[in-house]
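Novice: Sequence first, then the predicted structure, then my questions.
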Amino acid sequence: MQDLITLRQRYGRPPMIGAAFAGLLVLSPILMGGSPFLIFFSIGGLIIVGGGVITVAFMSFEAVEVRKALDIVKRMFMEEKPPVENLHDDVTAIIYCARLLMDNKGMRNLESVISKSGIRDPFLKYGLNMVLSDYTPDEIRAMLETAADAGYERDNVPVEILQAMTSHGPAFGMIGTLVGMVAMLCNLTDNVTAIGPSLAVAFLSTLYGVLSARFLYMPAASRLRQEVENRRFRNHLVTEGMVMLVAKKTPMFVQDRLNGFLRPEAHDYFDITKSVAHVSSVPMVAAA
Amino acid sequence: MQDLITLRQRYGRPPMIGAAFAGLLVLSPILMGGSPFLIFFSIGGLIIVGGGVITVAFMSFEAVEVRKALDIVKRMFMEEKPPVENLHDDVTAIIYCARLLMDNKGMRNLESVISKSGIRDPFLKYGLNMVLSDYTPDEIRAMLETAADAGYERDNVPVEILQAMTSHGPAFGMIGTLVGMVAMLCNLTDNVTAIGPSLAVAFLSTLYGVLSARFLYMPAASRLRQEVENRRFRNHLVTEGMVMLVAKKTPMFVQDRLNGFLRPEAHDYFDITKSVAHVSSVPMVAAA
Amino acid sequence: MQDLITLRQRYGRPPMIGAAFAGLLVLSPILMGGSPFLIFFSIGGLIIVGGGVITVAFMSFEAVEVRKALDIVKRMFMEEKPPVENLHDDVTAIIYCARLLMDNKGMRNLESVISKSGIRDPFLKYGLNMVLSDYTPDEIRAMLETAADAGYERDNVPVEILQAMTSHGPAFGMIGTLVGMVAMLCNLTDNVTAIGPSLAVAFLSTLYGVLSARFLYMPAASRLRQEVENRRFRNHLVTEGMVMLVAKKTPMFVQDRLNGFLRPEAHDYFDITKSVAHVSSVPMVAAA
Amino acid sequence: MQDLITLRQRYGRPPMIGAAFAGLLVLSPILMGGSPFLIFFSIGGLIIVGGGVITVAFMSFEAVEVRKALDIVKRMFMEEKPPVENLHDDVTAIIYCARLLMDNKGMRNLESVISKSGIRDPFLKYGLNMVLSDYTPDEIRAMLETAADAGYERDNVPVEILQAMTSHGPAFGMIGTLVGMVAMLCNLTDNVTAIGPSLAVAFLSTLYGVLSARFLYMPAASRLRQEVENRRFRNHLVTEGMVMLVAKKTPMFVQDRLNGFLRPEAHDYFDITKSVAHVSSVPMVAAA
Amino acid sequence: MQDLITLRQRYGRPPMIGAAFAGLLVLSPILMGGSPFLIFFSIGGLIIVGGGVITVAFMSFEAVEVRKALDIVKRMFMEEKPPVENLHDDVTAIIYCARLLMDNKGMRNLESVISKSGIRDPFLKYGLNMVLSDYTPDEIRAMLETAADAGYERDNVPVEILQAMTSHGPAFGMIGTLVGMVAMLCNLTDNVTAIGPSLAVAFLSTLYGVLSARFLYMPAASRLRQEVENRRFRNHLVTEGMVMLVAKKTPMFVQDRLNGFLRPEAHDYFDITKSVAHVSSVPMVAAA
């Protein structure tokens, strides 16, 4: 059961393409305008937008959580792919447990299998521990639902941070532009050609703000939200599974009940021969 | 029962008219301005808006789901119409099953009818399989409600993608305009007539962004959301039907209960003669 | 019972005053500017705003529903007033039914009274039919709640369309203004006085977009939403009433229970003499 | 019990200060610009903003409700303070009733006390009437919850109107500015100094729109919403109290249960001597 | 138990860094523009933005609550750190109580321990008082849930005020800019260089509005919301604990049930030796 959660590649190269696209957009005014001194001044805009967003994030949320959120942004461009919950493997493992429990010495067998197969997923570990403690199904459900909800709320904090940063981006872009415009207006002369470049620099802040929101914070928030939602859904499945294990439901019922969580294509109608064959390919069994 | 879900034309020609309208709006500045070189430069705007929206969508969501969402946009202009759930046929079929189950050998008859009438709708298939497995009504309800909710959440992902694209459109329009304005401002001269065309090109990006959001992503999102909601509603109806089949309710009760899901005009108060006549015209019966 | 739902004038003349006010605002630039050729060009703006909003509505929603929504807008300026649910009459009628059912032959009497008093309201008709079918209170409640919820969701579609149109209005106003500005910028000359009128025409689109949203789609959406909410509230009252009829509650209890739905001023504490006098003035009784 | 709801001053002088502040902001351009003819033209802006907001409110909602909403705005500047629900007095009164009911002849005593102490609060009146009618606790709860929810929905309509007006304000400000700019652009000349004042007048509309939204409609909506929420909370408390009276709970339990609704500082742990002393100071007792 | 709630440093120095960053942004136009007279005029902008936001807050909410909200803003820059709910200590204390109650004289022992250990947290105090009053678990749950919900609603008011202030900030910035622009336009001359500084002053208001919203009100609202949510979560945990104490659950069950509220790393699987050791380090025990 140790790789119930496997890493699989979900997002292709879009982040890299996106980074290239965004970089091109940032550089395009310089490429088109051919004015090298823009490069110098636009550094101010980058500091206002980048620094402002991060400073306000640290002011608004706990430092630990903000660092988690920034890690998500960084991870998006790395090769580390987010883990994919493999619901089908979870279902197979729960059915295997249900079959073990059909036996008289089921509890003892289950205990030894679990201790041998070093499960690392904390939610499954908590659930199986509770199953072994011989509580009633309603007690198990209350415990696991509390754990799933509490975990969801904790996981959701970095999503909220990234969503706040998405809204801070354009706001600090606007702040940078206002600062630039006020400075320009104070030195206004009749010479129109002199206004151009300073106004251009002022507008760059807005550009940076919108670009960073759309290419960094928003995709990161969206991806993390999906991960968190998937984990919640999967914990809901595990909860139902554990409750059925305690209620000593038949493996067939367990399968039929858990099928409801899977895509219709992945439904597995119970079939004793196939099920045995399947289970033996589960690492947990191999470990046992 | 194989065409419980029939294709019916719901939307007339609006997408085509909309495409024509939007095309005219895109071309109108050129028609009015008579300036052919606008055509060349505005390609930059199209790339920023179109490319940006799609790149960010791929960065934010799984590639499979983004492709589904883009397919919905394409399908809108094709002749392929979205399927319409025909609730009345579902009700008739469920009542027919209820009548079969009145009989002593109901289960066996139902099984043979189902196996002969190759049902393709996965939700109905799952539901009828569970009915044949002889679980309690509460167990059936839990299973089907889980399946309906899980399906709804999966179906909803492309809707979310299209809604995100609706908000990306104008944002990338603004990005394009900012890039254009910065480039223009860097080369600002006293010659006012030279400013015009470059500013015009800059504004074209905003125009493309807003147009694409309103004519492509928003209608597609809206249509898909309605389809998804209709499917959920229909699955709710089927769930209630399956629960009543298991609870061995009379066909009259089934009819009265399911009438609540239909428009008042479509209510069918139970009448034995009519019901028989009706049922015999259901394909499922013909197949049997 | 045939006029349980009576027409009563709820909104005074505001729509007409609003139309006059909006018309004045549309014409004011011409009156003030005295420039007759504005009239000609602003037709473009009207087409972009009006046509765009309606085209996108047809692209996004089913044609039948969009036509319903447009009818609501039209009805707002007609003399046809929306129906007002008269909750007090509903309560009186339900209490009358409860008194009939106190009798031994109550069901039969109720049936004959109902058949004579051609009820047209479909929800009440469905409810009374279910009461006569002798189901349990819980079954009746499930049926009527499903019917009320399904009806509410169906009724809500035109509200959603009008809300979408409210957001499309200013968007298409902006599109028209962008088109106008691009055209103007392409022909930019040093002659400032020439810029004025074309810019004015461009701004007219935005004006039309905001005006149509605030004076047409928003009020229509707001009114329809209130109607739909009122109908839902009234169906909730009828549901409770039907459940109590089936549960054979005393007329006094029915009155006390249903009082909770009425404004405190309209509470009617049960009083046998008064109640009889009241009921005899109900058309249903007259019909019987 | 007649002054269970007492008037207490909750808001200090902020509305008056706000009015002065807003007035100063409206006048400041004139004071600074010293241009008296602005006064004349800005009347147009005031009419567009004020008239538009009120006209659309009457178009969107029933006249009775809009008048209520406008009254709230007016009341904000009057000395009439909104009533404050005094939860502590409610709790004391309910405990007093619970003590009466401990006695054998409790119902009769309660009835005579209630009839003597002319209660004016309609919710409490309805609740006590239902208690005297000897229904079950569940029936009482259903009745009072319906009454509290229905009352909340009715009370909420003026809040919605004021929130709609908050959004109409800036929209009509923008409409006024657009009308002014179109008029100005039609008469554009090379004389820059002539543009200034007309543009200033045009901007005044936006200023009026934002100011009226922030200083009138928003505070009024916010205050009313709090009042409505407080009333709902208090009705929830009364509901729990009435249910406990019918369930013949001990005064000590009633006190402990209702303490949960109060601020921790206001918790009153039951103490027979104190309680008696307290109750005798309740007007209701004095009246009895 | 007296320091169940300990103060721990959660936010580092970000507020100070943020204040420095914001101050630099406010001063930057002056530093860059070198125009000292800007300092004088921008005072008007500061008064409009700061005064407007606070005046409207006092108009919209009760003075006591607004003062609480402003205190939160001030506290953000002080060394006073917000308290952190230490859930693990709460869990340990509840398990200790559960162990006491295993004994025959549990109630009496618990009472004396509680009275000796001067608990100051009002929610825990209320909960333990109710446990000693010997009500049923369902009654305890109803009481504590009411208290938790009521407390949450009361705590949430300052959060709402800070969120309203976040939206007022930019609105009053815009108002200041409009006032400045109108004044400038009234005195418009052909001298372009004269326009610059007055326009700059006008834009400063918008800058102040956006800066104050992002650096003051938004972080304060965000922090307070998290505190309030954490307190609600912790009260939920305490509620479950108290209910289990009354239901006389075993310490092991209490531990397993409450583990669901903690992070998986903090799960403590019951172990008699360890538990005893742990408990003796709880201040409450020391006090006993």
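Specialist: Everything's here; your move.

Novice: quick one: the residue positioned nearest the centre of chain A from chain B, how far?
Specialist: Ranked by distance to the mean C-alpha position of chain A (Cα atoms, centre = their mean), the top residue is A:Leu224 at 2.6 Å. Using Cβ to the nearest Cβ, to the nearest Å, A:Leu224 is found at 10 Å from chain B. Every residue, glycine included, has its C-beta placed from N, CA and C.

Novice: tell me which element that residue falls in.
Specialist: Here A:Leu224 sits within helix A:218-246, counting by DSSP states H and E.

Novice: So what touches the helix or strand just after that helix?
Specialist: Next helix or strand after helix A:218-246 toward the C-terminus (DSSP H and E): helix A:251-259. Defining contact as Cβ atoms under 8 Å, 6 or more residues apart in numbering or on different chains, one finds that helix A:251-259 is touched by A:91, A:94-95, A:98-99, A:102, A:237, A:240-241, A:244-245, A:249, A:267-270, A:275, B:126, B:129-130, B:133, B:135, B:139, B:142-143, B:146-147.

Novice: Could you give me the PyMOL syntax to select whichever of these are buried?
Specialist: Per 16 or more other Cβ atoms under 10 Å in any protein chain shown, the buried members of the contacts of helix A:251-259 correspond to this PyMOL selection:
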select buried, (chain A and resi 91+94+95+98+99+237+240+241+244+245+249+267+268+270+275) or (chain B and resi 126+129+130+133+135+139+143+146+147)
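
Novice: can you tell me which of the contacts of helix A:251-259 are in strands?
Specialist: Per DSSP state E, strands hold no members of the contacts of helix A:251-259.

Novice: can you tell me which of the contacts of helix A:251-259 are in helices?
Specialist: Mapping the contacts of helix A:251-259 onto helices (DSSP state H) picks out A:91, A:94-95, A:98-99, A:102, A:237, A:240-241, A:244-245, A:275, B:126, B:129-130, B:139, B:142-143, B:146-147.

Novice: filter these by proximity to chain E?
Specialist: When Cβ under 8 Å from any Cβ of the partner chain is applied, no member of the ones in helices among the contacts of helix A:251-259 is adjacent to chain E.

Novice: just for the stretch 151-288 of chain A, where's the confidence low?
Specialist: A:188-193, A:268-288 (pLDDT under 70).

Novice: what about 90?
Specialist: Applying pLDDT under 90 to the stretch 151-288 of chain A flags the ranges A:179-204, A:248, A:251, A:259-260, A:262-288.

Novice: what do you get for the stretch 1-150 of chain A?
Specialist: For the stretch 1-150 of chain A (pLDDT under 90), the answer is A:1-48, A:59, A:62-64, A:74-122, A:124-125, A:128-134.

Novice: was I right about A:Lys248 contacting A:Leu101?
Specialist: Yes. Counting by Cβ atoms under 8 Å, A:Leu101 is a contact partner of A:Lys248 at 6.3 Å.

Novice: which one of the two has more residues nearby?
Specialist: A:Leu101 (22 against 11; other Cβ atoms under 10 Å in any protein chain shown).

Novice: Distance of that one relative to chain D?
Specialist: For A:Leu101 relative to chain D (Cβ to the nearest Cβ), the value is 40 Å.

Novice: what sits against that residue?
Specialist: A:Met107, A:Leu110, A:Leu245, A:Lys248.

Novice: Quick check: closest non-adjacent residue to the third one.
Specialist: If you skip the residues right next to it in sequence, A:Leu245 has A:Val131 as its closest partner in space, 5.1 Å away by Cβ to Cβ, 6 or more residues apart in numbering or on different chains.

Novice: got it, and the second one?
Specialist: The shortest distance from A:Leu110 to any non-neighbouring residue, by Cβ to Cβ, 6+ apart, is to A:Leu100 (5.1 Å).

Novice: So the one you found versus B:Gly180, what's the distance?
Specialist: 67 Å (Cβ to Cβ, to the nearest Å).

Novice: Look at those two and report which has more neighbours.
Specialist: B:Gly180 (27 against 23).
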